[in-house]
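[1] Predicted model and sequence follow; I will ask about them next.
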Amino acid sequence: MTTKLTNAVRKFHSNEEGLEALQVVMIIAIAGMIMVAASTVGSQAVKWMGEKWNALKGQTISL
């Protein structure tokens, strides 16, 4: 059983198309995670920025 698994891994590793497909899948997975994180954190960030903007309205800021 171990030799079959080892041979399968070697074939997959030597197969350029398999490696390329794996890279594409990994890029899609990473992009999906970034999109999910941006949508959850993004809405909270927009809300926070809105609150800070409302707090600063009418106040002068000296640099």
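    Happy to help now that I have it. Numbers count the residues shown, from 1 in each chain.

[2] And for K47, the neighbour number?
    In terms of burial, K47 registers 10 neighbours under the definition other C-beta atoms under 10 Å. Yep, even glycine has a C-beta here, placed from its N, CA and C like the rest.

[3] For the one helix or strand V25 maps to, what does the pLDDT average out to?
    Taking DSSP states H and E as the criterion, V25 maps to helix 16-56. Averaging pLDDT along helix 16-56 gives 85.

[4] What helices and strands are in contact with it?
    For helix 16-56, the elements it packs on are helix 2-14, judged by 3 or more C-beta pairs under 8 Å, 6 or more residues apart in numbering; DSSP states H and E.

[5] Kindly calculate the angle that the helix it packs on makes with helix 16-56.
    Direction vectors for helix 2-14 and helix 16-56, defined by axes from the mean of the first three to the mean of the last three C-alpha atoms, to 10 degrees, enclose an angle of 70 degrees.

[6] Could you list every helix and strand in contact with helix 2-14?
    Using 3+ C-beta pairs under 8 Å, 6+ apart as the contact criterion, the secondary-structure elements in contact with helix 2-14 are helix 16-56.

[7] picking that back up, what's the spacing between the helix holding V25 and its chain's center?
    Taking C-alpha atoms, centre = their mean, to the nearest Å, one finds the center of helix 16-56 at 5 Å from the center of the full chain.
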